[in-house]
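[1] turn this into a model:
(chains A and B)
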Amino acid sequence: MSSFNIIGKREPRVDALGKVTGAAKYADDYNLPHQLHGAVKYAEYPHAEILSIDTSEAEKVPGVEAVLTYKDVPGANHFGLIPNIRILADDHTRYLGDVVAVVAAVDRRTAQKAADLIKVKYRELLAVFDPEEALEENAPVIHEGGNEIVHHKVRKGDVAAGFEEADFIIEKTFKTQPIEHAYLEPEAALVYPDEHDGFTVIGCMQNFYTSHKVIAAALGLPLNKVQIIQSTMGGSFGGKDEAATLVAVRAALLAQKTGRPVKMLSTREDSIRQSYKRHAYKLYYKWGCKKDGTIAAMEIKAVADGGAYASMSPFVTWRSVVQATGPYYCPNVKTDVYAAYTNNNFTGAMRGFGSPQVNFAIESMMDELAERVGVSPLQIRLRNAFEDGAETATGQKLTHRVSLKEVLIKAAEASDFERKWREYRSEANRTKTFPKGIGLSCAYRGVSLGAEGVDAASAVVYVQPDGSVTVSAGIIDMGQGARTVMAQIVAEVLGIPLQRIHFLEPDSGRVADSGPTVASRGTIMGGGAAKIAAENVREIMKHTAAVVYSVSPAHLGFRDGKVWDDNGKSSRPLCTFEELTAACYARGKPLFASGVRHVAETNWDEETGQGNAYFTFVYGANVAEVQVDSATGQTELLNFVSVHDVGRAINKATVEGQIYGGVAMGAGYGMMEEFIQENGEAKTINFDEYYILTAMDVPKMKAVIVENPDEHGPFGAKSVGEPAVEMAAPAVTNAIYNATGRRVQNLPANLEEVRLGQKLRRNVQRASVACKIEPK
Amino acid sequence: MNYLRPKNLTELTRTLSDASAATQFVAGGTDVLVESRQPYFSKPQTLIDLSRVDELKSISETNGLIRIGAMATHSEIIAQPLIQRQAPLLAQACAEIGSQQIRNRGTLGGNICNASPCADTVPPLLALDAQVEVLNEQGLRRVAMQEFFVKPYQTVLQKNEVLTAVYFPPLPDGYGSAFYKLGRRKALAISRINMAAVLKTNHHGIIEEVRLAPGSVFPVWKRVAAAERFLTGKKITDQNFMQAGQITAQEMIKISGRRWSTPYKEPVVAALVKRVLLMAAGLEEQ
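    From the prediction side, this is the model:
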């Protein structure tokens, strides 16, 4: 029986009412008098040298206030992890979402009309759209230094010896597609000059600390002259990092030039054309296996399409290399993961971050192994699954509770997996026009950033003189529920009702740089910081109470809106929370404190790929049940079970929301989502052609929450945001296999893939072989 | 740009005299309003909004023919008991269009005149032997559905003509019918392939009459005469239906040649012909 007051409760979202009534203000809802509107001029070739840019006609259009090219950027025009993203294209274009110039005008239509009048002279270059071709010797070079963005390795044991020892080998190639984040709200920003030579940016940036640095550097200003205000966000899923920064910084440059507020807004078409996607991967898996179902060796190679710029490719592929062998014992491992530049849309962070691709391969391989050994998918996983104290492929010994078998068994029980799996693989089922199938998948995931980056987060808690409380953390709420979770954590620590807490959206001057809201670290890091901040405030209150009531601070308890003397024998209320607050202020003790959450040590050796990659891991299992139309290849999702060990659910309803949304997104990745480009040109630029699951396509879902508290999380909480999405696709494709006996090796499992075992593409002459476009 | 909103048929007829190639009719607006935001959209000189012409909205039965006004929305057609009873395949097709919002705005006339090769209401109307009614300055004329389409996105309508209604005989007793849509998802999906069938068998299970209309199969809408001929006088069996499907697929390849999509469409068109015929015959697919 838990002794919590608010932790674990199904509290309603603190921001739900505003979102439902329309009171919530998204980035485009902000407007100012005299504001200008921005428009962009796109690159006209996926790969070309820019010879000249003529803006004279655009400048003559009445109502145009500024036309900017890279020459007009006063500060840094480059940014990124590897700083090669251009705010405005300079010497080259590298994909068709590059922006060559921006215009500010009195209205959007005028700005767009002017942008269309900008004339750019190009010298077209040979382009490359396939990452493996990009890595070949004679490929067109997209960035100085070559097309290889990164090459990560893991080396463990001796794979040659492992294959020698194996009874049989399973070798398969898998392909995954690029996908669009499809956040409901496209990128937007309003930037205005303020009275002290600085600028204020209101926008929907997932990682506003990064945006802050990029904008200040581009404007040539110190950080304290640029203030970022985070608007309510309409989704992000990893997508509003560089993509949203680009929109905001272009607006900022125009605001600086004109001295007026500038609104920059992407339409859906702009958003899909410009923004980065989830990496497409080609995956080569070779396993040496034994008759008993164990795995003696794994040799893995993966090549990721990084597109035009590095973005998060080095980190995304690092997570892939760490997790490429799955949560399974294997003494001999050799893994190589590459990312390469191409002239496609650049690719970067997206919910999952390098795990959905490898999980699709691993979990397909595991089912192949089950088939070869003649046991069920559940039995083969239980045979190979990590247990407490297991050592991973990177040599990390798992010191937390390893709950993989627990989640697998719970998923199987909740879905009647074993019985259905046996029934559906029968000839009687598979020869029907509408065979059914059931598929299992599982995964583990390193929590937070891991050894890929510095990992710390801050929060501030302010108990105001009347006893109401504000909390801010350097973690943003993009719809996942961070506001509610933070408020619950603070309410729990201070023993007051949730309604007394107000979460203030962070801005760049309020909370110290906390890194990005990514990697499922919002609760464990930001929530951890909020807990520490609340505890720091409570300490001040305890010391005051000890003086006022002559009790030991060690015996003070905070609950039910009161302060209690819990001296071990009995409990008695001393005063209300408000009374103690008033007493503190009366004694000159303002109740304001910050908290900083640091993480346990992680380490990594780039050469061997060995090290403690993440300070803790989470475990999950999915089961999908489908019905396949064998005549058309159409797959219907019938039921879905998703089990996750989240450490501790701060809010069960929010955790379930994450799981339901994750299933919809992950199943969509498995079945239909695909960002299609032809010679670098985005073909699916709105939702009439870019298909995501609708409410009609989402199956009946059952979310099962498992709680094994972790010492690193606030109240034991870990993560759920990305785990929820990252293993759904292989559950679906394994179910299709169960129904049809045919394995889907290329995502998505759309009509053609399921019916024919291949994708069909319109015949397009490939530009990387012979590209002859008429000069514009 | 001129915007005209005639209030009745007389006013509408008057506006037709000034209509030119640069005139755009707007019915529900679910195509025009979306297209108008595209960069390639050539702006019309005149928009004629048909939404206030009440004569174009009614659904009725007179002289043994069902008449559906061109401005009847998909939702109105679905809700109409007359259609549910006498032309259920049309109600089914309307129910599978887009989403609730699109069905509330989109009209039968708009769906036909847009002349997309995957329009969902056209196969049922072809299978129902429908005729369309066209208004011009001289008055009304009727055109058989089968003659109405010239090529994808183009109909026989002249610049000063507008579609006013659709007529078809109600399905007599003993006629089975069905509509089937294959999309990439269950809502808001453009048809990959769609299919309508009307089927009359005698009590020996012999096919007396069959009308088969596939969508997204031929560049210009038509029924599959060869498959219909093959089936007439034959028994309703899986095998006969499958063969009708193969005839349809071969007809598709004969007309359009082998294209990038043929490896998928060839077997699937055949299978869906069989499926829609089984549905029309009231039989379960095994």
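
[2] interface residues of the stretch 151-286 of chain B facing chain A?
    B:182, B:184-190, B:192, B:260-261, B:263-264, B:267-268, B:271-272, B:275, B:285-286 (CB under 8 Å from any CB of the partner chain). (C-beta placed from N, C-alpha, C; glycine too.)

[3] cutoff 7 Å now
    B:182, B:184-188, B:192, B:260-261, B:263-264, B:268, B:271, B:275, B:285-286 (CB under 7 Å from any CB of the partner chain).

[4] from A:K759, how far off is the spatially closest residue to A:T342 that is not a sequence neighbour?
    In space, and not counting its chain neighbours, A:T342 is closest to A:A134: 5.0 Å by CB to CB, 6 or more residues apart in numbering or on different chains. Noted for A:A134: a distance of 21 Å to A:K759, by CB to CB, to the nearest Å.

[5] so between these two, which is more surrounded?
    Using other CB atoms under 10 Å in any protein chain shown as the criterion, A:A134 and A:K759 rank with A:A134 on top: 27 against 15.

[6] and the contacts of stretch A:153-173?
    A:283-291, A:296-297, A:299, A:321, A:331-336, A:365, A:368-369, A:372, A:393-395, A:608-609, A:745 (CB atoms under 7 Å, 6 or more residues apart in numbering or on different chains).

[7] in chain B, which spans are helices?
    Under the criterion DSSP state H, chain B carries helices at the ranges B:9-16, B:32-35, B:74-79, B:81-86, B:88-95, B:100-105, B:108-114, B:122-127, B:145-148, B:225-231, B:238-256, B:262-280.

[8] just say which of these is most tucked in.
    For the helices of chain B, the largest average neighbour count (mean count of other CB atoms under 10 Å in any protein chain shown) is found in helix B:122-127, namely a mean of 28.

[9] report all helices and strands that that helix contacts.
    helix B:88-95, helix B:145-148, strand B:175-182, strand B:193-201, strand B:207-215 (3 or more CB pairs under 7 Å, 6 or more residues apart in numbering or on different chains; DSSP states H and E).

[10] now do it: distance to the chain's middle.
    Its chain's C-alpha centre and that of helix B:122-127 lie 5 Å apart, by CA atoms, centre = their mean, to the nearest Å.

[11] and that helix, what's its mean pLDDT?
    Confidence for helix B:122-127, expressed as mean pLDDT, is 98.

[12] alpha carbons of that helix, as PDB, please.
    Coordinates of each C-alpha in helix B:122-127 appear next as PDB, following Å, rounded to 0.1, in the frame of the first residue of the first chain:
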ATOM      1  CA  VAL B 122     -19.400   7.000 -59.700                       C
ATOM      2  CA  PRO B 123     -19.200   3.100 -59.600                       C
ATOM      3  CA  PRO B 124     -22.600   2.800 -57.900                       C
ATOM      4  CA  LEU B 125     -24.200   5.200 -60.300                       C
ATOM      5  CA  LEU B 126     -22.700   3.300 -63.300                       C
ATOM      6  CA  ALA B 127     -24.000   0.100 -61.900                       C
END
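
[13] which residues are contacting the helix or strand of chain B with the lowest mean pLDDT?
    One helix or strand of chain B scores below all others by mean pLDDT, DSSP states H and E: helix B:32-35, with a mean of 88. Around helix B:32-35, the neighbours that count as contacts under CB under 7 Å, 6+ apart are B:24, B:26, B:41.

[14] cool, stretch A:734-741 as well?
    Contacts of stretch A:734-741 (CB under 7 Å, 6+ apart): A:363-364, A:367, A:377, A:421, A:424-425, A:430, A:435-441, A:624-626, A:628, A:630, A:635, A:743-744, A:749, A:754.

[15] where does A:G528 land in three-state SS?
    State at A:G528, reduced to three classes by DSSP: H, G, I helix; E, B strand; the rest coil: helix.

[16] and it, how far from A:Q464?
    Counting by CB to CB, the gap from A:G528 to A:Q464 is 23 Å.

[17] ok, B:Q24 next?
    Distance from B:Q24 to A:Q464, by CB to CB: 60 Å.

[18] what about A:G528 and A:Q464, which has more around it?
    Taking other CB under 10 Å, A:G528 and A:Q464 do not tie; A:G528 has more neighbours (26 against 15).

[19] just the pLDDT for that one.
    For A:G528, the predicted pLDDT is 94.

[20] so what's it up against?
    Taking CB under 7 Å, 6+ apart as the definition, contacts of A:G528 comprise A:457, A:597, A:713-714.

[21] swap in A:P506?
    A:230, A:472-474, A:476.

[22] which pair in those residues spans the largest distance?
    Across the contacts of A:P506, the longest distance by CB to CB is 11.4 Å; it joins A:Q230 and A:A473.

[23] which one of the two is surrounded by more residues?
    A:A473 (35 against 24).

[24] my read: that one touches A:T523, true?
    No: using CB atoms under 7 Å, A:A473 is not in contact with A:T523, being 10.1 Å away.

[25] center of the chain, which residue is that?
    Since no chain was named, I'll use chain A. The residue lying closest to the centre of chain A (CA atoms, centre = their mean) is A:R351, at 2.8 Å.

[26] if you could check chain B rather than the one you did, that'd help
    Taking CA atoms, centre = their mean, the centroid of chain B lies closest to B:V122, which sits 1.1 Å from it.

[27] do you know how far that one is from chain A?
    19 Å (CB to the nearest CB, to the nearest Å).

[28] could you find the closest non-adjacent residue to that residue?
    Per CB to CB, 6+ apart, closest to B:V122 is B:W221, 5.6 Å.

[29] my guess is that neighbour contacts B:L126. True?
    Yes: B:W221 is within contact range of B:L126, at 6.4 Å (criterion: CB under 7 Å).

[30] okay, now the nearest residue to A:Y209 once chain neighbours are set aside: neighbour count?
    Spatial nearest neighbour of A:Y209, excluding adjacent residues (CB to CB, 6+ apart): A:D513 at 4.7 Å. Neighbours of A:D513 under the rule other CB under 10 Å: 17.

[31] hang on, A:D513 in a helix?
    No: A:D513: not assigned to a helix; according to three-state DSSP it is coil.

[32] what backbone torsions are found at it?
    For A:D513, the backbone dihedrals are phi -40, psi 120 (criterion: degrees, to the nearest 10).

[33] which ones are touching A:K542?
    Taking CB under 7 Å, 6+ apart, one finds A:553, A:556 in contact with A:K542.

[34] in three-state terms, label the residue in the stretch 401-550 of chain A positioned nearest to chain B for me.
    Of all residues in the stretch 401-550 of chain A, A:T433 sits closest to chain B, at 5.2 Å by CB to the nearest CB. For A:T433, the assignment made with three-state DSSP gives coil.

[35] excluding its backbone neighbours, what's nearest it?
    B:E285 (5.2 Å).

[36] how about A:P46?
    A:G680 is the one closest to A:P46 (CB to CB, 6+ apart), at 3.3 Å.

[37] now swap in B:L128 and tell me
    That would be B:F168: by CB to CB, 6+ apart, it lies 4.1 Å from B:L128.

[38] wait, isn't the one you found in contact with B:R67?
    No: between B:F168 and B:R67 there is no contact under CB under 7 Å: 8.7 Å.

[39] circling back to that earlier point, so of the contacts of stretch A:153-173, which ones are in helices?
    Those of the contacts of stretch A:153-173 mapping onto helices are A:321, A:365, A:368-369, A:372, per DSSP H.
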